[in-house]
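In: What would the 3D arrangement of this be:
(one chain, ligands or ions: 3)
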Amino acid sequence: MTTNGPVLVLVGPPGSGKSTIGRMAAERLGVGFRDFDDDMAAEHGKEAGDLVVDLGRERFQQLEHELLIRVLPQHDGVLALGGGTPTAPGVPDLLKPYSVVFLDVDLDHLLKREGLVALHPWLLPNPRAHLKQMLADRRPIYTQVADATVETNGRDPQDILEDVLAAMPVR
Ligand SMILES: Nc1ncnc2c1ncn2[C@@H]1O[C@H](COP(=O)(O)OP(=O)(O)OP(=O)(O)O)[C@@H](O)[C@H]1O
Ligand SMILES: O=C(O)C1=C[C@@H](O)[C@@H](O)[C@H](O)C1
Ligand SMILES: [Mg+2]
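Out: Ligands and ions are numbered 1, 2, ... in the order given. Reported below is the predicted structural model:
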């Protein structure tokens, strides 16, 4: 099925709340929710975090680019991207037609979010240093691909949701 593509795309670092807020936004908007990490896992037979470790980041990002080209026209709801997806070559151009919101979070709040390292084994051996560098490198890219940025530090998902919905540009 071909659609106009997602009504909302969420980007941000791992643990920023893309899946949590994405599900809530989809429910409020009465549309479907899709998680691009799940698409990658279904397509390649392994969790996205394990694919990064097994294939290396360059190959993983090529595969993300290839799959995103197929997924965007198939989904008209809310799409949560993988944490690194906007940094894959070619992806910022693919996102241009869509409403993209960046869920921003700082290092200290990120480190308090549950399950981060278990889901992202490539953060080892020093998750704090890795995440610090990652946030510095990626923030300009998340900002560039997004129409709006919503702060999530220390905030309830419900509050964040209201800001995300208000920030969605009308297209
Ligand atoms: N605003 C928030 N405050 C506190 N904890 C949060 C908040 N948003 C999400 N979390 C928690 O942080 C963890 C990561 O959230 P979530 O899985 O939604 O992030 P994500 O951006 O989808 O991450 P990933 O890139 O790993 O898929 C979850 O345990 C979730 O319950
Ligand atoms: O931030 C990242 O680089 C990643 C985040 C996850 O969503 C997965 O896409 C994968 O673990 C890579
Ligand atoms: Mg997620």
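In: these two touch, right, residue 71 and residue 36?
Out: Yes: using CB atoms under 8 Å, residue 71 is in contact with residue 36, at 6.6 Å. (C-beta placed from N, C-alpha, C; glycine too.)
In: what sits in contact with each of those two?
Out: Contact criterion CB atoms under 8 Å, 6 or more residues apart in numbering; residues shared by residue 71 and residue 36: residue 79.
In: what ranges do the strands span in the protein?
Out: Under the criterion DSSP state E, the chain contains strands at 8-11, 33-35, 78-80, 100-104, 148-151.
In: Of these, flag the one that's most buried.
Out: Mean neighbour count, computed with mean count of other CB atoms under 10 Å, is highest for strand 78-80 among those, reaching a mean of 29.
In: Ligand 3 contacts on the protein?
Out: 18, 19 (CB under 5 Å from the ion).
In: So which bits of the worst-scoring helix or strand of the chain on mean pLDDT are buried?
Out: Least confident element among the helices and strands of the chain, by mean pLDDT, DSSP states H and E: helix 116-119 (a mean of 74). Neighbour-count burial for helix 116-119, counted by 16 or more other CB atoms under 10 Å, picks out 116, 117, 119.
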